[in-house]
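> below are the sequence and a predicted model; questions follow.
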Number of protein chains: 2
Amino acid sequence: MLNAENLKKDVEQWLQELNYKRQPQELYTPIEYSLSLGGKRIRPVLCLAACTLFSDDYERAKPAALAIEIFHNFTLLHDDVMDHADIRRNKPTVCAKWNSNVAILSGDAMLIDAYQTISQVDSPAFSLILNTFTQTAKEVCEGQQYDMDFENTIDVTIEQYMEMIRLKTAVLIAASIKIGALIGGATDAETEILYNFGINMGLAFQLQDDLLDTYGNEATFGKAIGGDIMENKKTFLLISALENASAQQKRELLKWLDAVSPNREQKIAAVRSIYDQIGVKSLTEQKIAELHKKAMDSLREMDISIEGKRFFADFANSIFKRTR
Amino acid sequence: MLNAENLKKDVEQWLQELNYKRQPQELYTPIEYSLSLGGKRIRPVLCLAACTLFSDDYERAKPAALAIEIFHNFTLLHDDVMDHADIRRNKPTVCAKWNSNVAILSGDAMLIDAYQTISQVDSPAFSLILNTFTQTAKEVCEGQQYDMDFENTIDVTIEQYMEMIRLKTAVLIAASIKIGALIGGATDAETEILYNFGINMGLAFQLQDDLLDTYGNEATFGKAIGGDIMENKKTFLLISALENASAQQKRELLKWLDAVSPNREQKIAAVRSIYDQIGVKSLTEQKIAELHKKAMDSLREMDISIEGKRFFADFANSIFKRTR
């Protein structure tokens, strides 16, 4: 019986069994630390679940699932250096706990480690799996670059934003499913449909993140609300607001974007009040619902077991309705 | 006819043909820039040459040769961020010309690119080649970590130093030869001998670098002499000096190592004078000669063409006698 909690437990155990008690310690301890910080393990769970759709033996996808989780945590490690972030998952980041040089080099070793791990996949589709992993890894870097580019401009369209989060977030979620399916023995047509399902789920995942950062509950979300607003981050909310604002609302919004050292509570309250006037929350929810529908349409197209469909539908629902 | 200059020309042309005119520009332009800065292209040339020892078609090794050169330049990119280096090969480094975030992310994309490129190798030994590449890449990170560790301690033995440069420098040179030989169709025993040849050549390459940094000719070496002395870098020279110094010489040397903002010319002249008294130059030259002999012994063991032996012997000689 396919169960996300059980798959997650497997992933946690496998991650703990990876051996990072090696020399030089300063290189490997930060890798062990960053993998021990937890997280939702969405990608490896999806990879394993996708494998079970086509094969009884989901452990065949273990190296791929682990490689993807290692890769994902590598991107967090380097993103935190680039963002000078001190806290992740309520714990000090590697660059804060050690320093940025340690984070750069340990991150590099993690990326190599991800390749070492995925190389252990035993499958007739190995070459396609490796290429999918590499193509995805490149796209994630491209997404991160666009995200950084957006910091220096106010002229970001919704279309550009959706392309950025497709690259930065959605492709890795989609590739997790695709690679799991390939290991299970899925056909090209089947993996294509599942990939599209993953893309839409990944996009929704990010929009939900944008929404929670402004409208979430601090206690369940696990980090302070309003961070995106304070950093003028070009999220779906801010871009929608700018695109739909009246002249007066836009002036007001730009005033807050340009404010030098504004009071935190005041800025968050003021920007959220403009968002409320424009109806940004519901615009975002509509977009999420649209992506949800697309994802479900893909799922319906699939010729897989009822149980498999239910698993992915439930998983998608938990993403679309997540509060953390 | 095997000719290093011709092989280097091929490598330069292939590098130019790589397509980095892609979006986002901030991600790919720094990669193109860093690969265009030149360099000796030792690794890809050795990879191609090793392939020709066992096969007439050295272009089969092209993806591996390029992957190794891309990987090598990735390590330089990230090393320059970690060292806050502004100049490399008389040109601004990527972190100086753009910024450190660009260098981190472009470096990540380069590492992925190296994997994408080596994945194009078409060989029955592909799996072994990929594993060799990955193992080597990990070791290079370990070497860089040891090098950084050594910055914070004076207690580095010659043995620890040789292990550090084996990892940081020699294994990639040795792997270049091994991978080229594997693509050519060499046996395990043959690749083993060539790998050992490469390790000894790589170690000598680094010791020659240490020597040139203190005793080289600024005009031919291409960078300022004495940088290692100014940074108290734990080189073969400094470690040999500390191990062989009299109590008086050691006191004098430690005084200069501890000096706060010393005059550049004075410090370099004083440390070099202590080195001269101890005979550090000749100690280093002896070690290089010893490594040279070992490399030549490996070569003699090989059952390869006279022409092949001559190529590798000449190449090794050019390394052992290099002035830049």
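Cool, got the structure.

> how about residue A:250, nearest residue that isn't a chain neighbour?
With Cβ to Cβ, 6 or more residues apart in numbering or on different chains as the criterion, residue A:250 has its nearest non-adjacent residue at 6.5 Å, and that residue is residue A:242. Every C-beta, even on glycine, is put in place using the N, C-alpha and C of the backbone.

> surely that neighbour is in contact with residue A:251?
No. Between residue A:242 and residue A:251 there is no contact under Cβ atoms under 8 Å: 11.3 Å.

> neighbour count: the two, which is higher?
Under the neighbour definition other Cβ atoms under 10 Å in any protein chain shown, residue A:242 and residue A:251 were set side by side, and residue A:242 has more, 21 against 10.

> run the chain-centre distance for whichever strand or helix holds the more buried one.
If you go by DSSP states H and E, residue A:242 is part of helix A:236-244. Helix A:236-244 has its average C-alpha position 21 Å from the chain's average C-alpha position, going by Cα atoms, centre = their mean, to the nearest Å.

> show me what that helix is packed against.
Identification of packing neighbours for helix A:236-244 by 3 or more Cβ pairs under 8 Å, 6 or more residues apart in numbering or on different chains; DSSP states H and E yields helix A:158-165, helix A:188-215, helix A:227-230, helix A:247-258, helix A:264-278, helix A:280-301.

> and stretch A:263-278, how far from the chain's centre?
Relative to the mean C-alpha coordinate of its chain, stretch A:263-278 is positioned 26 Å out (Cα atoms, centre = their mean).

> what does it rub up against?
A:214-215, A:225-226, A:229-230, A:237, A:240-241, A:244-245, A:249, A:252-253, A:256, A:259, A:281 (Cβ atoms under 8 Å, 6 or more residues apart in numbering or on different chains).

> list the buried residues in it.
A:267, A:268, A:270, A:271, A:272, A:274, A:275, A:278 (16 or more other Cβ atoms under 10 Å in any protein chain shown).

> try stretch A:148-161
In stretch A:148-161, residues buried by neighbour count (16+ other Cβ under 10 Å) are A:148, A:149, A:150, A:156, A:161.

> now, those that are in helices?
Within those, residues falling in helices by DSSP state H are A:148, A:149, A:150, A:161.

> want to throw those residues into CSV with pLDDT?
Formatted as CSV, those follow (pLDDT from 0 to 100):
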residue, pLDDT
A:148, 95
A:149, 95
A:150, 96
A:161, 98
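
> show me which of those residues neighbour chain B.
Intersecting these with the surroundings of chain B, defined as Cβ under 8 Å from any Cβ of the partner chain, gives A:148, A:149.

> returning to that earlier point: which of the contacts of stretch A:263-278 count as buried?
Using 16+ other Cβ under 10 Å, the buried ones in the contacts of stretch A:263-278 are A:214-215, A:225-226, A:229, A:237, A:240-241, A:245, A:249, A:252-253, A:256, A:281.

> among the residues you listed, show me the least confident.
Across the buried ones among the contacts of stretch A:263-278, no position has a lower pLDDT than residue A:225, which has 86.

> which of the helices or strands spans it?
Under DSSP H and E, no helix or strand contains residue A:225.

> I'd like the distance between residue A:85 and chain B.
When Cβ to the nearest Cβ, to the nearest Å is the yardstick, residue A:85 and chain B sit 13 Å from each other.

> repeat for residue A:50
Using Cβ to the nearest Cβ, one gets 22 Å for the distance from residue A:50 to chain B.

> how many residues are close by residue A:311?
Should you count by other Cβ under 10 Å, residue A:311 turns out to have 23 residues around it.

> closest one to residue A:186 out of the ones in helices among the buried residues of stretch A:148-161, please.
When those are ranked by distance to residue A:186 (Cβ to Cβ), residue A:161 comes first, at 31.1 Å.

> quick one: contacts for the closest one?
Contacts here follow Cβ under 8 Å, 6+ apart; on that basis residue A:161 touches A:150, A:234, A:235, A:236, A:239.

> surely the second one meets residue A:156?
Spelled out, it's residue A:234. Yes. With contact defined as Cβ under 8 Å, residue A:234 counts as touching residue A:156 (4.7 Å).

> who touches both of the two?
Listed contacts common to residue A:234 and residue A:156 are residue A:150; contacts here mean Cβ under 8 Å, 6+ apart.

> so, low pLDDT: which residues of chain A?
A:1, A:222, A:323-324 (pLDDT under 70).

> report the central residue of it.
residue A:169 (4.3 Å; Cα atoms, centre = their mean).

> thinking again about what came up before, who wins for proximity to residue A:64 among the helices and strands packed on helix A:236-244?
helix A:188-215 (13.1 Å).

> now do the closest one: which elements does it pack against?
Under the contact definition 3+ Cβ pairs under 8 Å, 6+ apart, helix A:188-215 sits against helix A:42-52, helix A:158-165, helix A:171-184, helix A:227-230, helix A:236-244, helix A:264-278, helix A:280-301, helix A:306-320.

> how about these in TSV, adding distance to residue B:308?
Supplementary listing: those in TSV, determined by distance: least, Cβ to Cβ, whole Å:
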stretch	distance to residue B:308
helix A:42-52	46
helix A:158-165	51
helix A:171-184	42
helix A:227-230	61
helix A:236-244	61
helix A:264-278	69
helix A:280-301	56
helix A:306-320	57
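
> distance of residue A:93 from residue B:148?
When distance is defined by Cβ to Cβ, to the nearest Å, residue A:93 is 19 Å away from residue B:148.

> residue A:129 too?
Applying Cβ to Cβ, one obtains 34 Å for the distance of residue A:129 from residue B:148.

> also residue A:294?
The separation that residue A:294 has from residue B:148, given Cβ to Cβ, amounts to 48 Å.

> check residue A:215 too.
For residue A:215, the distance to residue B:148 under the criterion Cβ to Cβ works out to 44 Å.

> residue A:297: neighbouring residues, count only.
Around residue A:297 sit 13 other residues, with neighbours defined as other Cβ under 10 Å.

> residues in contact with it?
By Cβ under 8 Å, 6+ apart, residue A:297 lies in contact with nothing.

> about what we covered before: Serialize the helices and strands packed on helix A:236-244 to a markdown table and add fields for distance to residue A:310.
Putting these into a markdown table (distance: least, Cβ to Cβ, whole Å) gives the following:
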| stretch | distance to residue A:310 |
| --- | --- |
| helix A:158-165 | 27 |
| helix A:188-215 | 14 |
| helix A:227-230 | 34 |
| helix A:247-258 | 43 |
| helix A:264-278 | 36 |
| helix A:280-301 | 10 |
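
> can you report phi and psi for the residue of the stretch 201-324 of chain A found nearest chain B?
The shortest separation between the stretch 201-324 of chain A and chain B is 14.7 Å, found at residue A:234 (distances taken as Cβ to the nearest Cβ). The main-chain torsion angles of residue A:234 are listed as degrees, to the nearest 10 and equal phi -80, psi 90.

> pull the contacting residues for it.
Contacts for residue A:234 (Cβ under 8 Å, 6+ apart) come out as A:150, A:151, A:154, A:156, A:161.

> relative to residue B:55, how far out is the first one?
In this structure, residue A:150 and residue B:55 are 49 Å apart, going by Cβ to Cβ.

> also the fourth one?
If you measure residue A:156 against residue B:55 using Cβ to Cβ, the figure is 52 Å.

> right, and residue A:12 touches residue A:44 too?
No. Because the distance of 9.6 Å does not satisfy Cβ under 8 Å, residue A:12 is recorded as not touching residue A:44.

> which one's more surrounded, those two?
Between residue A:12 and residue A:44, counted using other Cβ under 10 Å, residue A:44 has the larger neighbour count: 27 against 15.
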